[in-house]
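**Student:** sequence below, structure please.
(one chain, ligands or ions: 3)
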Amino acid sequence: MDLSLMQKRYHVTTFGCQMNEHDSERMKGMLESLDYRAAEEQADADVILFNTCSIRETADSRFVAHLGHAKRVKKERPETIIGVGGCWAQSLKDEVFQQFPFVDVAFGPGQVHKLAEFLTSDSLTAQGYFEFEGFAGDLPDKRTREHQGWVQISVGCNCNCSYCIVPQTRGRESSRPFDGVVREVERLAGEGVREVTLLGQNVNAYGRDLRDAGGPRTFAELLAAVDGVEGIERVRYTSPHPKDMKEDVILAHAQLASVCEHIHLPLQSGSTPILKAMRRTYNRERYLDRVALIREHVPDCAITTDIIVGFPGETEEDFQLTLDVCEQVGYDGAFTFVFSPRRGTEAALITEGLVPHEVKVERMERLVEVVQRRAHERAQRFVGRTMEVLVEGTSRTDPSRLRGRTRHNKAVNFTGLAQPGELVMVEIERATSQTLAGAESLLARAGAGVG
Ligand code: SAH
Ligand code: SF4
Ligand code: F3S
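**Tutor:** Ligands and ions are numbered 1, 2, ... in the order given. Next up, the predicted model:
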């Protein structure tokens, strides 16, 4: 008998940020350790999982549309297990089952490991797992990319940004033990990973709460330890908070060979009164001062950001201040969001100074124009340079070309013969705001310090 026919199959749909993508890798790793295998389609799966996000209203509605499909599958095959994990589930808790009675298991982001408990129990009743347990231990993962790995260094967030649902969905901040992080990076290196991205809601608050051997540690110390792992060529992290961005972390970019020349430094707004209403705990000057420090120590560093437009009370003058920071900094890229009121957050209760929809849309258009123009201008500095690229696969738009990323985190499409996972040198010929184009240099060798 073909044993593979007896194996149960799973299907995972992921919404949201890198944190969720990584949690999904861990769900998949755990399911495979329970002898499940991946199904191509939801309709072929015995366990259908959704890993959800609730950061903006659009994230909620997109997911609810997907659930409708799962409901139909459940009707046709009632033995199918429907599971909902992640931030949306956590924010609703047991209400998930009231709103969607066909869901069998629901769990928050910190309870991925409980999925195994549910699947191996004989439980016939729906179960919800929504505790916060701090860092919930090491789980196997099934990486989407062979040569790039995510490493979670903390869970939760102790900030109080007035617009943000994440402290509710991921709980209080808790750092993962220092040695545990380093061991995971060593394991990944042993499996052929060349680039790691350290993940946390506020990575540079890492270690303050650690009471393990030696007490508190700093994020800069962690960067140094990860940089020291043999085989890891590139280290990235996301996201730091401007209030905690200290000189030691910026110096790590200048001094540690594997720490990449890219910093994602979320701005949110360029206006001090709006930053105050957002409870970001830094002002415009402090933010610009962080950028100046980055430029001083790492002049060529790429800087990207997140910006919210239309926060309650944002006037045209406040918005102009945001545009002005974008002009001054010249971001290499930015994620721009229209403010979305979230249940249970302070900003959702504000009733004064609400920005009308048309104004939000119009400001967004103006913001995107500035961001893209500056990113396009900034990208021209790469033209004519020969830069190290980590090959990811074939180009999405032209299968005869390859695709990869520079240390500055710019996507590059290029002609060449390299294999995924290789570091090659690419002569950059053209640049747009989003991508670079070029050709593999057969003369220059990666790691030879060009770029
Ligand atoms: N912890 C990270 C990421 C948080 S979520 C950080 O602080 O940088 C990613 C981004 O989503 C935020 O930076 C913010 O720009 C945006 N965001 C969060 N809540 C939002 C809301 N209610 N409306 C619009 N954008 C939001
Ligand atoms: Fe949300 Fe602020 Fe924490 Fe980021 S730092 S997750 S925006 S509360
Ligand atoms: Fe990420 Fe969305 Fe949760 S952005 S932290 S999955 S609310």
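
**Student:** report the central residue of the protein.
**Tutor:** With distances taken as C-alpha atoms, centre = their mean, the residue of the chain nearest its centroid is Gln18 (2.9 Å).

**Student:** any idea how far Val151 is from it?
**Tutor:** Shown here: Gln18 relative to Val151, a distance of 11 Å by C-beta to C-beta, to the nearest Å. C-beta: built from backbone N, CA, C; applies to glycine.

**Student:** got any residues that touch both of the two?
**Tutor:** Shared contacts of Gln18 and Val151 (C-beta atoms under 8 Å, 6 or more residues apart in numbering): 197, 199.

**Student:** now the closest residue to ligand 2 within the stretch 301-450 of the chain, what's its secondary structure?
**Tutor:** Using C-beta to the nearest ligand atom, Asp306 is the residue of the stretch 301-450 of the chain that sits closest to ligand 2, at 8.1 Å. Following DSSP: H, G, I helix; E, B strand; the rest coil, the label given to Asp306 is strand.

**Student:** list the contacts of Arg145.
**Tutor:** Glu392.

**Student:** SS state for it?
**Tutor:** coil.

**Student:** what's the spacing between Gln111 and Thr351?
**Tutor:** 35 Å.

**Student:** I'd say the residue nearest to the centre of the chain and Thr238 touch.
**Tutor:** Yes: Gln18 is within contact range of Thr238, at 6.5 Å (criterion: C-beta atoms under 8 Å).

**Student:** which neighbours do the two share?
**Tutor:** Common neighbours of Gln18 and Thr238 (C-beta under 8 Å, 6+ apart) are 197, 199.

**Student:** can you give me the helices for the stretch 51-200 of the chain?
**Tutor:** 57-76, 87-92, 95-99, 114-120, 166-170, 178-190 (DSSP state H, counting those that start in this stretch).

**Student:** for Ala254, find the nearest of these.
**Tutor:** helix 178-190 (21.0 Å; C-beta to C-beta).

**Student:** helices or strands next to the closest one in the packing?
**Tutor:** Identification of packing neighbours for helix 178-190 by 3 or more C-beta pairs under 8 Å, 6 or more residues apart in numbering; DSSP states H and E yields strand 148-152, strand 195-199, helix 219-227.

**Student:** by how many degrees do that helix and helix 219-227 diverge?
**Tutor:** Following axes from the mean of the first three to the mean of the last three C-alpha atoms, to 10 degrees, one obtains 30 degrees for the angle between helix 178-190 and helix 219-227.

**Student:** ok and helix 178-190 relative to strand 195-199, angle-wise?
**Tutor:** Orientation check (the same axes, to 10 degrees): helix 178-190 against strand 195-199 gives 150 degrees.

**Student:** can you put the helices of the stretch 51-200 of the chain in JSON lines and add mean neighbour count?
**Tutor:** Shown next, in JSON lines, are the helices of the stretch 51-200 of the chain (neighbours: other C-beta atoms under 10 Å):
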{"stretch": "helix 57-76", "mean neighbour count": "15"}
{"stretch": "helix 87-92", "mean neighbour count": "25"}
{"stretch": "helix 95-99", "mean neighbour count": "15"}
{"stretch": "helix 114-120", "mean neighbour count": "17"}
{"stretch": "helix 166-170", "mean neighbour count": "22"}
{"stretch": "helix 178-190", "mean neighbour count": "18"}
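
**Student:** of those, which is nearest ligand 3?
**Tutor:** Checking those against ligand 3 by C-beta to the nearest ligand atom gives helix 87-92 as the closest, at 3.2 Å.

**Student:** okay, the closest one in PDB with CA atoms only?
**Tutor:** C-alpha atoms of helix 87-92 as PDB (Å, rounded to 0.1, in the frame of the first residue of the first chain):
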ATOM      1  CA  CYS A  87      -3.400  38.200  15.700                       C
ATOM      2  CA  TRP A  88      -7.000  38.300  14.500                       C
ATOM      3  CA  ALA A  89      -7.800  35.200  16.500                       C
ATOM      4  CA  GLN A  90      -6.100  36.500  19.600                       C
ATOM      5  CA  SER A  91      -7.900  39.800  19.400                       C
ATOM      6  CA  LEU A  92     -11.300  38.100  19.300                       C
END
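
**Student:** hmm, who's touching that helix?
**Tutor:** In contact with helix 87-92 (C-beta under 8 Å, 6+ apart) are residues 15-16, 20, 52-55, 59-60, 63, 96, 99, 106-109, 128, 130, 165-166, 168-170, 343-344.

**Student:** could I get the buried residue list for the lengthiest helix in the chain?
**Tutor:** Secondary structure of the chain per DSSP state H: the longest helix is helix 357-379. Using 16 or more other C-beta atoms under 10 Å as the test for burial, helix 357-379 gives 360, 363-364, 367, 370-372, 374-375, 378-379.

**Student:** same thing with stretch 379-387?
**Tutor:** 379, 382, 385-387.

**Student:** closest to Ala220 out of those residues?
**Tutor:** Using C-beta to C-beta, those come closest to Ala220 at Met387, 26.0 Å.

**Student:** if you count contacts, what does the helix or strand where the closest one lies end up packed against?
**Tutor:** According to DSSP states H and E, Met387 maps onto strand 386-394. Counting contacts by 3+ C-beta pairs under 8 Å, 6+ apart, strand 386-394 packs against strand 402-406, strand 411-415, strand 423-431.
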